[in-house]
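>>> next input, structure requested:
(chains A and B)
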Amino acid sequence: MPARVFVHPRVALVAATMVAAVVAGVVAAQQAPPQQPNFDAVTVRSFRVQDNVYMLAGAGGNVTVQIGNDGVLVVDTQFAQMAEKLLAEIARLSGNQPIRYVIDTHVHPDHVGGNERFRRAGRAIVAGNVAGDVRGNEGATLIAHETVAARMSRQDGATPPAPAGALPTDTFFGERDEVFFNGEAVRLIHQPAAHTDGDMLVFFRRSDVIATGDVYVNTSYPVIDTARGGTINGIIAGLNRIIDITVPRDKQEGGTMVIPGHGRIADEADVVEYRDMVTIVRDRVQEMMKKGMTLAQIKAAGPTSDYDGRYGATSGFWTTDTFVEAVYRTLGGK
Amino acid sequence: MSNYRRAGLVLAAAIVLLVPQPASAQVNLVGYWNPLVADEDFIERVPGPNVGDYAGLPITDAARKRANTWDAGLLTLPEHQCKPHPSTYGFRGVGVLRIWEERNPQTQQLVRLKTHIQWQEQERDIWMDGRPEPSELEAHSWQGFSTGRFEGNVLVVRTTHLKAGWIRRNGLPLSDRATMTERFLRHGDLLTHVMILEDPVYLSEPLVKTNGFAVAPTGTMEPYPCRPAVEVPREAGEVPHHGIDDVPPTREFGQRHGIPEEAAAGGAATALPEYMSTLPSLPLAEPKGDPNEGFGPPPVPAGRGGGGRGRGAGAGAGPAAGTGRGR
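Presented below is the predicted three-dimensional model:
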C-alpha cells in the first residue's frame, strides 16, 4: 500500500516557513521560468480524447479532465491567470458538476498555478464517500507527490512558497497511489528524477488514457529541470514506462491515448518516436563523453542536429544548447 | 430563331446548369486495383531500397544524417513491428488497393471515399463533404486526415495530421509536420496516382512521385493481422542505431554500384537531369579499411541490429530482408 499523508494547508504553511528559512540561501540557481503569455488573448480549447476524458489547452501545460456522475477530476491547472477560463469550460463540459479531485503532475507554475482557485471551486467527498459534501467548504482534494508538496511549501529558487490554499492536501511517498472515481480506477504513478523529482503519470484505466505531465511533451526536446532533480535517464525511463502502459488498438495506432504535458494528443507510436530520439541523443552524448570531449566540443559536434528542425530552438526558455547541456550534466559531465 | 425559341433555349441551358448533377457524372474510382510494379520504382516497391541510396531525393542534411545513423535492427523492436506504411508511402507498395464510396442515403452526396491497401491494412478516409481540418492539437495517424475534391475528372486530395513516417524504407525519415497533395487520374482501366510530398524538416523541396494501378475485375482483399513479438532479446530501453562517426552507408552504396558518394547522398540537385553531366567529375567513394566490409558474407554479429557496419545483407538486399517490413 502506498504511504498517504494528509497535509493540512495550515500545517504545511508553518512547515514551509521554517524550511524556507533554512534552504533559501542554499538552493541552487534555478532555471528561468518560461515567459508568460498575454492571458487576455488566450482562449481555452477542449478536445474529447476518449470515453469521458478531455484535454483542455490554453496557456501552460495541458489540462486533463475526467467527467462523470461522481463529479470532475482535473489533472493540472495551468497558470493562475487561466483559472476562470478553464473553470468555465469545465463547467460547460460537465454540466456544472463539482470538481472533487485536482492532481498535480509536477511543481511548475504552468501546471499548478491554478491550484488554489480550482480547489476553492470544488468540493471534496469525505467520510467514506457516504456523507456527501460535508467538507464542502474546504474545496476539492488536491493530490501530488510528496516532493511537490515539499517544494511548493518553501522558497524554491526564485519561486516563493505557494499560498496555503494552493498546497496539496493529499500526498504520497514512493511509487504509486490510486483513486477510484467515476467508475474507473485512476492510477497515479510517480516517475522519479525525470522532468523534475516529483513527476507523476496519471493513468485512467477504463478510459484508457494517460496524462503524462512533462515527462512526455511533443513540442520540444524534453525539458530537464536539473535544479529540481530532473535527469535525462529519468526522462527516458519515464518514456519507456509510458510505452509499457500503452497498448495500441491495432497496427501501432490508437488504443491507449496519451495527453502530453505540452502539445498534441498522441498515442504509443508518437511516444515511441520521441523515446527513440531522446535515447539516440543520450547515447551520442554519452559516447562523446567517453571519448573525453568537452561540453563545448559536444555541442559543436551537433548530437541533435538531425532532430533540431522538429524539436530544437535557438531562443526562448529551452534551447537546443540548454537541452544538450542538461543531458551532459545529468550524465555526470562537469 | 424567334425570341421565344431563343428564350426557351436559354432557359433550358440555365436549368441544365443549375440543377445539381448526379455524382455519377464524376469519374468512378471504385473497385479493386493492382499496383503496376514492374517499373522504375521496382526496387522501391518490392525488395526495398538499398541502405545508403538517397540519390535523386530532395532531402535535407538532417534527413541524411538520420538515415546514415539508422539501423534496420530498430524494426525488430516490438513497438516498431506492426507499423503500417503511412499514406505518404503506401501507394508505392505492392498491395492490392480497394476504393469505395460512402454516400448520404437521402441526398446521394458523396461523403467520403475510402481506400484500403492490403499490407498492414492501410485504411484511409478521404472526406469529400467539405469538412475543415481538425485542430493542430488533435491526434495524428498513419494515414493522416485527408480531404478531397474533384477538379474535372481528377480527384485532388490534401492530407495533414500524419505521424512521423519515412520517405524511403532505408531510414530516410518524414516528420509529423509533413503534408501531401495527391491527384488520382483514371484512364480507362489504368489509374495514375501522383503525390506531392512536403516536409519542412526533412525535405528541402517537394518530392513528387507517381504510381500506376490497373483495374482488377476479380480483385480480392486478404486480411493482414499483426501481433508484435520479441524477435531479438535486448537490454531494456535499447534503441538500435549507428554512431554519427561511423562510415556512412552512402559510401558503401557508392562503392558497390560505382556511384560517387556525393550522388548517393542525394539532395535536390541530384534530382535534376543536368546533374548527370557532373557525375564524371565527382570522385568515386574510396574504401575505408577493409574494402569488403559490409558487402560480402554476413559480418560478425555485433551488439546492435545484428550486423555492425554490414547494413545490408548482401548485394541487392535492402533493409526489408529479415526486418519484418516486407513490402
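>>> leaving out chain neighbours, which residue sits closest to residue 125?
Just going to use chain A. Once flanking residues are discounted, residue A:125 sits nearest to residue A:100: 5.7 Å by Cβ to Cβ, 6 or more residues apart in numbering or on different chains. The way it works is simple: take the backbone N, C-alpha and C, and place the C-beta from them, glycine included.
>>> that's the wrong chain, I wanted chain B
Of all residues not flanking residue B:125 in the chain, residue B:112 sits nearest, at 5.1 Å (Cβ to Cβ, 6+ apart).
>>> which residues are contacting the helix or strand where that neighbour lies?
Using DSSP states H and E, residue B:112 falls within strand B:110-117. Residues from elsewhere that reach strand B:110-117 (Cβ atoms under 8 Å, 6 or more residues apart in numbering or on different chains): B:23, B:26, B:29, B:85, B:90-91, B:93, B:95-104, B:122-129, B:148, B:155, B:221.
>>> next helix or strand past that strand?
Moving toward the C-terminus from strand B:110-117, the next helix or strand (DSSP H and E) is strand B:122-127.
>>> counting by contacts, list what that following strand packs against.
Where contact means 3 or more Cβ pairs under 8 Å, 6 or more residues apart in numbering or on different chains; DSSP states H and E, strand B:122-127 is packed against helix B:87-90, strand B:110-117, strand B:145-151.
>>> I'd like these laid out as CSV, including mean neighbour count.
Shown next, in CSV, are the helices and strands packed on strand B:122-127 (neighbours: other Cβ atoms under 10 Å in any protein chain shown):
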stretch, mean neighbour count
helix B:87-90, 24
strand B:110-117, 19
strand B:145-151, 17
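>>> for the stretch 101-250 of chain A, just list every one of the helices.
A:109-112, A:115-121, A:146-152, A:232-245 (DSSP state H, counting those that start in this stretch).
>>> around chain B, pick out the residues from the stretch 51-200 of chain A.
Applying Cβ under 8 Å from any Cβ of the partner chain, one finds that the stretch 51-200 of chain A approaches chain B through A:55, A:57.
>>> 10 Å instead, please
By Cβ under 10 Å from any Cβ of the partner chain, the residues of the stretch 51-200 of chain A that approach chain B are A:55, A:57, A:62.
>>> specify the beta-bridge partners of the first one.
Beta-bridge partners of residue A:55, counted by DSSP bridges, are residue A:47, residue A:64.
>>> that one: what's it in contact with?
A:45-49, A:62-65, A:75, A:209, A:211, A:257, A:259-260, A:264-265, B:137-138 (Cβ atoms under 10 Å, 6 or more residues apart in numbering or on different chains).
>>> average pLDDT for stretch A:142-152?
Mean per-residue pLDDT for stretch A:142-152: 97.
>>> that should have said stretch B:246-256, apologies.
The pLDDT scores in stretch B:246-256 average 92.
>>> CA atoms only: put that stretch into CSV for me.
C-alpha atoms of stretch B:246-256 as CSV (Å, rounded to 0.1, in the frame of the first residue of the first chain):
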residue,chain,number,x,y,z
ASP,B,246,30.6,5.6,-38.3
VAL,B,247,31.3,5.2,-42.1
PRO,B,248,28.2,6.5,-43.8
PRO,B,249,26.2,3.9,-45.7
THR,B,250,26.2,6.2,-48.7
ARG,B,251,29.9,5.3,-49.2
GLU,B,252,29.2,1.6,-49.1
PHE,B,253,26.3,2.1,-51.6
GLY,B,254,28.6,4.2,-53.8
GLN,B,255,31.4,1.6,-53.7
ARG,B,256,29.1,-1.2,-54.5
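>>> list the buried residues in that stretch.
For stretch B:246-256, the neighbour count (16 or more other Cβ atoms under 10 Å in any protein chain shown) marks B:247, B:248, B:249, B:250, B:251, B:252, B:253, B:254, B:255, B:256 as buried.
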